[in-house]
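[1] coordinates for the following, if possible.
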Amino acid sequence: MSEPSRHQGGPLDFSDQVVVVTGGARGVGRGIAEAFLAAGAEVVVCGRTTPADSELPTAAGRSASFVAADVRDAEQAAAVVDAAVGRHGQLDVLVNNAGGSPEAAAAEASPRFLAAIVGLNLLAPMYCAQAAYAVMRDQAWGGSIVNIGSISGLRPSPGSAAYGAAKAGLLNLTRTLAMEWAPEVRVNCVVAGLLATEAAYDYYGGEAGLEAVARTVPMGRLGTPADIAGVCLFLASPLAAFVTGAAIEAHGGGERPPFQAAAKAGD
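    The predicted structure follows:
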């Protein structure tokens, strides 16, 4: 459902909206939170570690508020939604951003590690979505849920098997929830490509590694948090009023096929 009057300043004006961004205090989540703040929204972010007030996302002279929570726990995930509604009286947008995984060989990954990665990247979005839906379904204007996926869920993901499998599951979850919860709540996914973040800096071995990886992307650069945030704004806005169950790939054109480089190297 959509209610154009709730976007008085235009489809990308969120000045009357309340947005929750999980894992929104740093990295891509921080960029998403700042984009919604800049668009006028009241933003609530969550994470396991409480940041200093000066470290919270800020934009347009305002800051996000914070809820300490481990969204892998269903009760804590619900508490984030409850806190947002308690502070602001409604919930319009949930961005399931919290996720990630350190590198781990599949043959050596422990059961505890695997459970933690699947819990963070698949179960946590489900828990948060359930809590958000319980609120949004009763609002006259419904709501929007945006899941942050990964290209690791679209192709083999050596070194992060559990992460890739969980992100593949997140795509199916997105499409299933979109079907079950229409028309009150729209559910979509942003499939993020290779991004320039602090985690990527460490993962790829520093600046030289980032530059080498960037050369494999057709757009000639790695993505940024702002690139992902822009897609989130679109999906949460009336511009996407008929978009649900979709997976938008924000990956700069994907990854160049390795056989091309191999063939050139053999010339």
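[2] count the residues that sit near G119.
    As a burial measure, G119 scores 18 neighbours (other CB atoms under 10 Å). In this view, the C-beta of every residue, glycine as well, is placed from N, C-alpha and C.
[3] Provide the secondary structure category for it.
    Here G119 is helix, with the state taken from DSSP: H, G, I helix; E, B strand; the rest coil.
[4] SS state for A132?
    Recorded secondary structure, A132: helix (three-state DSSP).
[5] against V44, how distant is it?
    Computed with CB to CB, to the nearest Å, the distance linking A132 and V44 is 12 Å.
[6] who touches both of those two?
    V20 (CB atoms under 8 Å, 6 or more residues apart in numbering).
[7] between the two, which one's more packed in?
    For A132 versus V44, neighbours defined as other CB under 10 Å are more numerous around A132 (28 against 25).
[8] contacting residues for that one?
    Listed by CB under 8 Å, 6+ apart, the contact set of A132 reads V20, V81, L91, L94, G143, I145, V185.
[9] redo those as JSON lines? Include pLDDT and neighbour count.
    Formatted as JSON lines, the contacts of A132 follow (pLDDT from 0 to 100; neighbours: other CB atoms under 10 Å):
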{"residue": "V20", "pLDDT": "98", "neighbour count": "31"}
{"residue": "V81", "pLDDT": "98", "neighbour count": "26"}
{"residue": "L91", "pLDDT": "98", "neighbour count": "25"}
{"residue": "L94", "pLDDT": "98", "neighbour count": "31"}
{"residue": "G143", "pLDDT": "98", "neighbour count": "25"}
{"residue": "I145", "pLDDT": "98", "neighbour count": "28"}
{"residue": "V185", "pLDDT": "98", "neighbour count": "23"}
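[10] which one of these sits closest to M179?
    Using CB to CB, V185 comes nearest to M179 of the contacts of A132, at 11.1 Å.
[11] quick one: the helices in the protein?
    For the chain, the helices defined by DSSP state H occupy 27-38, 74-88, 111-118, 124-136, 161-181, 198-203, 207-214, 225-236, 258-265.
[12] of those helices, which is nearest A60?
    Short answer: helix 27-38, nearest of the helices of the chain by CB to CB, at 5.1 Å.
[13] kindly export the closest one (C-alpha atoms) in PDB.
    The C-alpha coordinates for helix 27-38 follow below in PDB (Å, rounded to 0.1, in the frame of the first residue of the first chain):
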ATOM      1  CA  GLY A  27      29.800   0.600   7.500                       C
ATOM      2  CA  VAL A  28      27.100   0.300   4.900                       C
ATOM      3  CA  GLY A  29      24.400   0.500   7.600                       C
ATOM      4  CA  ARG A  30      25.700   3.900   8.700                       C
ATOM      5  CA  GLY A  31      25.600   5.200   5.100                       C
ATOM      6  CA  ILE A  32      22.000   4.000   4.800                       C
ATOM      7  CA  ALA A  33      21.000   5.600   8.100                       C
ATOM      8  CA  GLU A  34      22.600   8.900   7.100                       C
ATOM      9  CA  ALA A  35      20.800   8.900   3.800                       C
ATOM     10  CA  PHE A  36      17.400   8.500   5.500                       C
ATOM     11  CA  LEU A  37      18.300  11.200   8.000                       C
ATOM     12  CA  ALA A  38      19.200  13.500   5.100                       C
END
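[14] how many neighbours does the closest residue to V45 other than its chain neighbours have?
    Nearest residue to V45, sequence neighbours excluded (CB to CB, 6 or more residues apart in numbering): G24, at 3.0 Å. Number of residues near G24 (other CB under 10 Å) recorded here: 28.
[15] so G24 touches P51, yeah?
    No: the criterion here is CB atoms under 8 Å, and G24 misses it with P51 at 10.3 Å.
[16] S150 is nearest to which of the helices of the chain?
    So among those, helix 161-181 is nearest, using CB to CB, at 4.5 Å.
[17] contacts for the closest one?
    Defining contact as CB under 8 Å, 6+ apart, one finds that helix 161-181 is touched by 99-101, 104, 106, 109, 113-114, 117-118, 120-122, 125-126, 129, 133, 137, 145, 147, 149-150, 152-157, 185-189, 191, 244-247.
[18] what bits of the chain have low per-residue confidence?
    1-8, 266-267 (pLDDT under 70).
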